[in-house]
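Participant: pasted the sequence and its predicted model underneath.
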Amino acid sequence: MKRILILVYCVAAYAIFFTTLLYAFGFVNDLIVSKSMHSAARPQFLWVLIVDALLLGAFALQRNMTAKR
């Protein structure tokens with residue numbers, strides 16, 4: 001019974017992984033899936049630049065604070 005449960009778990013995990021992989025492929029290549037990488041509205045460049053700078057600053061701050069300990 002234990003071996004059957006392990007087999008069912010392995011098959012389910014593989015099926016979930018394969019489904020996720022296929023969805024990711026469709027998302028990137030704009031195939032079959034409802035939302036793709038190209039279907040979203042493009043945000044303004046300045047807003048993207050500000051968010052990226054804040055994220056990099058937060059990473060640098062956290063990195064410097066943990067490096068000094």
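Facilitator: The structure has been received and is ready for your questions. Residues are numbered from 1 along each chain as shown.

Participant: all contacts plus neighbour counts: C-alpha atoms, from now on.
Facilitator: Fine.

Participant: just after the host helix or strand of F17, pick out the following helix or strand.
Facilitator: Assignment of secondary structure by DSSP states H and E places F17 within helix 2-29. Using DSSP H and E, the helix or strand that follows helix 2-29 in sequence is helix 45-67.

Participant: buried ones in the helix holding F17, by neighbour count?
Facilitator: Going by neighbour count (16 or more other CA atoms under 10 Å), the buried part of helix 2-29 is 23-24, 26-27.

Participant: for I32, grab phi and psi.
Facilitator: When read as degrees, to the nearest 10, the backbone of I32 gives phi 60, psi -40.

Participant: now the residue nearest the centre of the chain: how far from H38?
Facilitator: The centre of the chain sits closest to A24, judged by CA atoms, centre = their mean, with a distance of 9.2 Å. Here A24 is placed at a distance of 13 Å from H38 (CA to CA, to the nearest Å).

Participant: show me what contacts L22?
Facilitator: Contact partners of L22, counting by CA atoms under 8 Å, 6 or more residues apart in numbering, are absent.

Participant: relative to A67, how far out is it?
Facilitator: Note on L22: its distance to A67, by CA to CA, is 40 Å.

Participant: what's the answer for L5, then?
Facilitator: According to CA to CA, L5 and A67 sit 46 Å apart.

Participant: from what I can see K35 touches F27, true?
Facilitator: Yes - K35 lies in contact with F27 (CA atoms under 8 Å); the separation is 6.8 Å.

Participant: quick one: low-confidence ranges for the protein?
Facilitator: Across the chain, the ranges flagged by pLDDT under 70 are 68-69.
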